[in-house]
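J.: Compute the structure for the input listed below.
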Amino acid sequence: MTPRKYFPADTTVAAVETYLRQVLEYEGALFLFCASSFAPTPDQTLAFLLAHFGSPSPSSSSSAQDQDGGPGPGRRELVLSYGFTEVWG
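T.: Have a look, this model is predicted:
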């Protein structure tokens, strides 16, 4: 299962990167990708990215939000991926 972390909508991409660096204890190059296709700018908020690139939440039970604080049925989610190298092509 892929680990998940939920952030408030007003969180910036830069704050997500800072969080990842702390969790990973990593100081090298770190690249974030939205929709597995592009790198958002550090000043973009998750709310903006969710509005434009979010997808329906895969959660199927009404208790999903209560258990982990994340999106429940009928809600949208934004998936950000990260990598240590920039990959295009």
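
J.: Show the low-confidence segments of this structure, by residue range.
T.: 1-2, 59-74, 88-89 (pLDDT under 70).

J.: in it, which spans are strands?
T.: Assigned by DSSP state E, the strands in the chain fall at 31-34, 55-56, 76-77, 80-83.

J.: Give the other helices and strands that the last one contacts.
T.: In this structure, strand 80-83 makes packing contacts with helix 13-24, strand 31-34, judged by 3 or more CB pairs under 8 Å, 6 or more residues apart in numbering; DSSP states H and E. To be clear about C-beta, it is placed using only N, CA and C from the backbone, and glycine gets the same treatment.

J.: Pick the most deeply packed of these.
T.: strand 31-34 (a mean of 17; mean count of other CB atoms under 10 Å).

J.: Residues in a beta bridge with the closest residue to residue 20 other than its chain neighbours, which ones?
T.: Leaving aside its sequence neighbours, residue 20 sits nearest to residue 82 (CB to CB, 6 or more residues apart in numbering; 5.9 Å). Residue 82 has the following beta-bridge partners by DSSP bridges: residue 32.

J.: Run a quick neighbour tally on the residue nearest to residue 24 when sequence neighbours are not counted.
T.: Of all residues not flanking residue 24 in the chain, residue 30 sits nearest, at 7.9 Å (CB to CB, 6+ apart). Residues near residue 30, counting by other CB atoms under 10 Å, number 15.

J.: right, and residue 30 touches residue 22 too?
T.: No - assessed by CB atoms under 8 Å, residue 30 is found out of contact with residue 22, at 11.3 Å.
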